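Colleague: When you get a sec, could you give me coordinates for this:
(chains A, B, C and D)
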Protein chains: 2
Amino acid sequence: MLPEPFDLLNEDASTPLILAKGEHVFRQGDETRGVFFVVSGAICLTRLTEAGAAVTLHNAKVGGMFAEASLYSDHYHCDAIAVAPSEVIHLSKRAIQTRQREDAAFSEGLTRRLATQVQDYRQLLTLHAVKSANERVYLAVASGRLRGSVTQLASEIGLTKEACYRALKELTDQGELCKTGRGEYALRRSF
Amino acid sequence: MLPEPFDLLNEDASTPLILAKGEHVFRQGDETRGVFFVVSGAICLTRLTEAGAAVTLHNAKVGGMFAEASLYSDHYHCDAIAVAPSEVIHLSKRAIQTRQREDAAFSEGLTRRLATQVQDYRQLLTLHAVKSANERVYLAVASGRLRGSVTQLASEIGLTKEACYRALKELTDQGELCKTGRGEYALRRSF
DNA sequence: AACCAAATATGATTGAAATCATATGTTGCC
DNA sequence: GGCAACATATGATTTCAATCATATTTGGTT
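Modeller: Reported below is the predicted structural model:
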């Protein structure tokens, strides 16, 4: 259920929370309680700047986590609001910190997870810089990003789903990709 | 001199490097040697896509660090180039990894640093998802991303410099921003 | 079985940013 | 001082993805 290394935590370190749409998981200024895993729905993290502008910091989706950095600050510096009816799992800050001190494998797992995320986000940013929709979709498929739905991929790589479907069709017509099923495409092996 | 947790390292773990403007600290594909601290000047981390597009991943300024994630990969996945005559301090990968195993405080500090980077990349990706160029530029300025040149900002947030200048002009005309100098803009305080 | 919501798929039109072009301002350098 | 490189700045045109529209398929629910 939980991603590494959080699967190593004791059961009493995690608490499931059910949230209605619009409900807060935490607010800017609240004392930090820990990090969260999204089971269903979606959580949006926003912050108000000094000048009063609302800046979205992160949209946490199913399978994702948020507020990792809260482990290192006393108070949350943004609001976390459910943008749909959601279920999240709260992971206790104290339990994580204790485990981090006492278990080198857990500690390393956490650091490695963050490092992996940094790499993944960098790859995504590189993908976003590709101007052509066709090439962007091709590279996304080539780097194994078409796992879930095409709709999901589209949002991940910064295109509309329509543009994404069109690109997939054109790439298939051009022989760059081949369609392996409904919403499934594979690289055309060059041999 | 060095920020946490790298100030805890032995002196022989660090090596100063002098760089001319345009010189590389490392290149994409180089075997990882460690992380770097900026003493003077500025280092820009960019990644070249297969299509040749340059994406700015990070602008490390005086007092900042870069390439923390290289500790968990064998090869650098971006170029680090001095955008001005610079002095950086190289921190040995081996020394860091050894210290990480032997010193819990050091290890925790490193994890905190990575968590902060994850936060930053998420914010950048969220920014890239904003369709309107004007709003994107406004939010970028609101979240303090206009530090270096407008050209740098444009590449960071996924716009051409022209579109970026135009947005800045329009936002200024609309009274959302105010121009504080050549290539310098500030939020219009609402009070 | 019937129904609904969401994903898949594609066609037509539009609009906004990219591109191309040009000019001035600034900085560092020989 | 003069030159080269780059940042700043804005105007004109083009292009390509967004948007709007519509139809079918699928999976889940009652």
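Colleague: Any residue of stretch A:146-163 touching chain B?
Modeller: Yes: using Cβ under 8 Å from any Cβ of the partner chain, a contact is recorded between stretch A:146-163 and chain B, made by residue A:158. C-beta: built from backbone N, CA, C; applies to glycine.
Colleague: mean confidence score for that stretch?
Modeller: Here stretch A:146-163 scores 93 as its mean pLDDT.
Colleague: Stretch A:43-57 too?
Modeller: 83.
Colleague: got a list of what the residue nearest the centre of chain A touches?
Modeller: Chain A has residue A:64 as the residue nearest its centroid, 4.2 Å off, counting by Cα atoms, centre = their mean. Neighbouring residues of residue A:64 by Cβ atoms under 8 Å, 6 or more residues apart in numbering or on different chains: A:37, A:38.
Colleague: same thing but at 7 Å, please
Modeller: residue A:38 (Cβ atoms under 7 Å, 6 or more residues apart in numbering or on different chains).
Colleague: Ramachandran angles for it?
Modeller: Per-residue torsions, residue A:64: phi -100, psi 170 (degrees, to the nearest 10).
Colleague: just residue A:60 next, same as before
Modeller: Here is the backbone geometry of residue A:60 (degrees, to the nearest 10): phi -80, psi 120.
Colleague: what's the closest non-adjacent residue to it?
Modeller: The shortest distance from residue A:60 to any non-neighbouring residue, by Cβ to Cβ, 6 or more residues apart in numbering or on different chains, is to residue A:66 (4.0 Å).
Colleague: State the distance from that neighbour to residue B:126.
Modeller: As for residue A:66, its distance to residue B:126 is 12 Å (criterion: Cβ to Cβ, to the nearest Å).
Colleague: can you check residue A:123 too?
Modeller: Taking Cβ to Cβ as the measure, residue A:123 falls 16 Å from residue B:126.
Colleague: if you count what's nearby, which of the two comes out ahead?
Modeller: The neighbour count for residue A:123 versus residue B:126, taken as other Cβ atoms under 10 Å in any protein chain shown, is higher for residue B:126 (19 against 16).
Colleague: Okay, and that one sits in which element?
Modeller: Per DSSP states H and E, residue B:126 falls inside helix B:104-128.
Colleague: tilt between that helix and helix A:104-128?
Modeller: Interaxial angle, helix B:104-128 versus helix A:104-128 (axes from the mean of the first three to the mean of the last three Cα atoms, to 10 degrees): 20 degrees.
Colleague: Now helix B:104-128: buried residues?
Modeller: Of all the residues in helix B:104-128, those buried under the rule 16 or more other Cβ atoms under 10 Å in any protein chain shown are B:106-115, B:117-128.
Colleague: That one packs against which elements?
Modeller: strand A:54-60, helix A:104-128, helix B:93-102, helix B:133-142 (3 or more Cβ pairs under 7 Å, 6 or more residues apart in numbering or on different chains; DSSP states H and E).
Colleague: Of all those, which one is nearest residue A:5?
Modeller: Among the helices and strands packed on helix B:104-128, helix A:104-128 comes nearest to residue A:5, with 2.9 Å by Cβ to Cβ.
Colleague: Need the residues that contact the closest one.
Modeller: A:4-5, A:8, A:68, A:99-100, A:136, A:139-140, A:143, A:157-158, B:47, B:49, B:55, B:57, B:69, B:71-73, B:77, B:107, B:110-111, B:114-115, B:117-118, B:121-122, B:124-125, B:128, B:158.
Colleague: Please repeat the previous calculation with a cut-off of 6 Å.
Modeller: With Cβ atoms under 6 Å, 6 or more residues apart in numbering or on different chains as the test, helix A:104-128 has contacts from A:4-5, A:8, A:99-100, A:139, A:157-158, B:47, B:49, B:55, B:57, B:69, B:72, B:107, B:111, B:114-115, B:117-118, B:121, B:128, B:158.
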